[in-house]
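Chemist: Provided below for reference: sequence and predicted model.
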Amino acid sequence: MAANDKSTGATLEALAALIREVSVDSAARSQNPEESKRATEEFSKAREIALRRVDRRDYSRGELTEYLVRKRELDPGIVSQILDRFEEVGIVDDARFARNWAQARLRTRKLSRRAIERELRVRGVRAEFIDAALDPISGDQERQAALQLCRAKAAHLPAVDRQVAIRRLAGQLARRGYGSSVAMSVVLQVLDEQADETDPEAS
C-alpha cells in the first residue's frame, strides 16, 4: 500500500517513549484510586494497540480512529488523546499519508486523480491535504497511467469485435476513475497501436 516515509532514526521505540509522557487527564482528576487505575490501564492498552497498528504501515488519522474506536471498541476520548500525541511526534501525519498514497496508487494501480481523491476522502483525510497530494499529478502523468493500464488490459483481451473491445477497455478505465473523454481517447489510441502491430503492411 502507501510507502512509509517516517523520518530517519525516529524509530517507533523512541516515539513510544515520548508518548508515555502523556498522562490520562481523567485519571489525574479522579478522586477514586480504582477509577484512576482503571483509566490508566485503559489508556496504556489503547496506546499499545495503536502502536502495534502503526508498526505495520502508514495510516491516516481517520483510519486509525475507525479501527481503534469501532473495531477495537476503545474509548473515543482516549483514542483522540493518543492520536493527538501521535501527530505531535510524527507517527501520524495525514499530509504525508495523502502524498504517499496518491503516488503509490497512481504508480501501482494506475488510478485517476478522481479515484485517488475518493479513496483519501473515505480514509478521512482533510480536503487541503488531498488537494496538496494530487497537485503534483499532471494531466500527462494521468494519461500515461491510463495508457499503461489500457495496454496491459488490451494485451490479454480475447479476439473480439472492435466495438466490443472499446466497451470493455473503456469500462476498465471508468472503474479506475477516468472520465469518458479520456477513456475513449486512450482506448482508441491503444487499439490503433495494436492494429498497426498486426498489419503486415504497416511500416
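Modeler: Cool, the structure landed.

Chemist: so residue 81 touches residue 39, yeah?
Modeler: No: Residue 81 lies out of contact with residue 39 (C-beta atoms under 8 Å); the separation is 11.0 Å. (C-beta placed from N, C-alpha, C; glycine too.)

Chemist: how far away is residue 178 from residue 113?
Modeler: 9 Å (C-beta to C-beta, to the nearest Å).

Chemist: what's the answer for residue 50, then?
Modeler: Using C-beta to C-beta, one gets 31 Å for the distance from residue 50 to residue 113.

Chemist: Neighbour count for those two, which is higher?
Modeler: Higher neighbour count among residue 50 and residue 113: residue 50, with 26 against 22, using other C-beta atoms under 10 Å.

Chemist: for the protein, longest helix please?
Modeler: Looking across the chain with DSSP state H, the single longest helix is helix 33-54.

Chemist: Okay, buried residues for that one please.
Modeler: Across helix 33-54, burial judged by 16 or more other C-beta atoms under 10 Å covers 36, 39-40, 42-43, 46-47, 49-51, 54.

Chemist: In terms of secondary structure, what does that helix contact?
Modeler: Under the contact definition 3 or more C-beta pairs under 8 Å, 6 or more residues apart in numbering; DSSP states H and E, helix 33-54 sits against helix 12-19, helix 25-29, helix 61-65, helix 76-89.

Chemist: If I take it and helix 76-89, what angle do their directions form?
Modeler: On the basis of axes from the mean of the first three to the mean of the last three C-alpha atoms, to 10 degrees, helix 33-54 is oriented at 50 degrees to helix 76-89.

Chemist: I'd like the numbering to begin with 6 instead of 1 from here.
Modeler: Renumbered: residue one is now 6, and that last one reads helix 38-59.

Chemist: so where's this structure uncertain?
Modeler: Along the chain, the model assigns pLDDT under 70 to residues 6-36, 204-208.

Chemist: how does it look with 80?
Modeler: Across the chain, the ranges flagged by pLDDT under 80 are 6-38, 40, 203-208.
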